[in-house]
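[1] 3D, please:
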Amino acid sequence: MAYQILTRLFPGADKNAVNCVKRLKNVPPESIALTLALVWLVSITLLRFSIDANSGTRDRLKVGYLPITCHLLLPVGMDRQVFFKRNVIPVKFTSWPDMIEAVKGGELDAAFILAPIALSLMDQGVPVQIALLGHRNGTGLVVSNSADIRDVTDLRNKIVAIPIRFSMQNLALLILLEKRGIDPNSVTRVELPPPDMPSALASKSIDGYIVGEPYATQAELMGAGRILKNASSIWPQFISSVVIVSKNSIRARKGLMDKLLKGLFAQGQWIETHRRQAAIIGARFFGLEPRLIKRVLLKKEVSYRNILPRSKEFQDIGKQMVRFRLVDRLPKVEIYNRWQ
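    Got it, this is the predicted structure:
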């Protein structure tokens, strides 16, 4: 009887297992059947949970970011909206080269990345499009308190750090030097990850740096340096990072991607009227001092308004990239705006 029940429930049951059941002479067949039925039910339930879990992973978007205020839309969204908590996996990076490789490898569905990098990636045929800006302005040229630098002209023969060659910060510095009649070759530019810049300045390894917030303001709080110029005075309505989206992800999960972008845009509007709360959220998410983020946002140098991308602005960025020989030709501009 037990053998028949087992083989009916599990046609492919191992004969050794069946023999084990046969040896249970003192166990009523009905009990064995009930036990096996319960095992079968639990197995099916666990299988369903596994399928649901895998489905949930497929329905989540991986979004790359760095701990800078130009990427603040993401942590605010993760804190305030259920959609982000359920459908977004934030992926933290500490350097731009690592993020570039992740984007090229198709590891991210979306990413906050420097505008010139985005243009360069599109020109290389990487299937991404620009969908949103991180914010406007919010970049500062910082100089050491211990160096004799009172004006931009004093940067000659000095070492100035930039985030990466393909950055708006690098372009802004080159434009500033050109306007002041300074040969760019007279200034040594070195690449450093933004989080490392304040400590490098404090240790006197560099004389200055140009970077997005909060790492410009951090030098002031540390007493290591001061902001000599804001990027907005060099390049009005300055753009640092943009949100790029994967074309493959759009094709596979357009509805989900559109919700992500609409959610990020909404956070920008909220930040503008809730800067103190946004600073607390950002500090907790980024692992930075609350007073640092609060000081940056309350200065209101950074703006989360007007963050929809415009083709002409990126064409202008492309022209500057060509002029300063970052690229040989005008990069193509692809903007994804069907989510608006």
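
[2] Return the list of helices and strands in contact with the helix or strand where residue 173 lies.
    Using DSSP states H and E, residue 173 falls within helix 168-179. Of the remaining helices and strands, those touching helix 168-179 by 3 or more CB pairs under 8 Å, 6 or more residues apart in numbering; DSSP states H and E are helix 115-123, strand 139-144, strand 159-162, strand 208-212, helix 231-234, helix 311-323. The C-beta positions use only the backbone N, C-alpha and C, and glycine is treated the same way.

[3] Could you save these as a markdown table and add columns showing mean neighbour count and distance to residue 305?
    A markdown table is the format used below for those (neighbours: other CB atoms under 10 Å; distance: least, CB to CB, whole Å):
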| stretch | mean neighbour count | distance to residue 305 |
| --- | --- | --- |
| helix 115-123 | 23 | 18 |
| strand 139-144 | 27 | 17 |
| strand 159-162 | 22 | 27 |
| strand 208-212 | 28 | 17 |
| helix 231-234 | 20 | 13 |
| helix 311-323 | 16 | 15 |
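
[4] Now render these as JSON lines, adding distance to residue 285 and mean pLDDT.
    Shown next, in JSON lines, are the helices and strands packed on helix 168-179 (distance: least, CB to CB, whole Å; pLDDT from 0 to 100):
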{"stretch": "helix 115-123", "distance to residue 285": "23", "mean pLDDT": "96"}
{"stretch": "strand 139-144", "distance to residue 285": "21", "mean pLDDT": "97"}
{"stretch": "strand 159-162", "distance to residue 285": "25", "mean pLDDT": "98"}
{"stretch": "strand 208-212", "distance to residue 285": "16", "mean pLDDT": "97"}
{"stretch": "helix 231-234", "distance to residue 285": "24", "mean pLDDT": "95"}
{"stretch": "helix 311-323", "distance to residue 285": "28", "mean pLDDT": "97"}
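
[5] For residue 279, find the nearest of the ones you listed.
    Among the helices and strands packed on helix 168-179, strand 208-212 comes nearest to residue 279, with 15.6 Å by CB to CB.

[6] Bridge partners for the spatially most central residue of the chain, pull those for me.
    With the centre of the chain defined as its mean C-alpha position, the nearest residue by CA atoms, centre = their mean is residue 65, 1.7 Å away. Here residue 65 sits in beta bridges with residue 92, as judged by DSSP bridges.

[7] Does it touch residue 74 like I think?
    Yes: if you go by CB atoms under 8 Å, residue 65 and residue 74 touch, sitting 5.2 Å apart.

[8] Identify the contacts common to the two.
    Common contacts of residue 65 and residue 74, defined by CB atoms under 8 Å, 6 or more residues apart in numbering, comprise 90, 112.

[9] In the helix holding residue 173, which residues are buried?
    Going by neighbour count (16 or more other CB atoms under 10 Å), the buried part of helix 168-179 is 168, 169, 170, 171, 172, 173, 174, 175, 176, 177.

[10] Could you dump these into a markdown table with pLDDT and distance to residue 106 added?
    Converted to a markdown table, those look like this (pLDDT from 0 to 100; distance: CB to CB, whole Å):
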| residue | pLDDT | distance to residue 106 |
| --- | --- | --- |
| 168 | 97 | 25 |
| 169 | 98 | 27 |
| 170 | 98 | 27 |
| 171 | 98 | 28 |
| 172 | 98 | 31 |
| 173 | 98 | 32 |
| 174 | 98 | 32 |
| 175 | 97 | 34 |
| 176 | 97 | 37 |
| 177 | 97 | 37 |
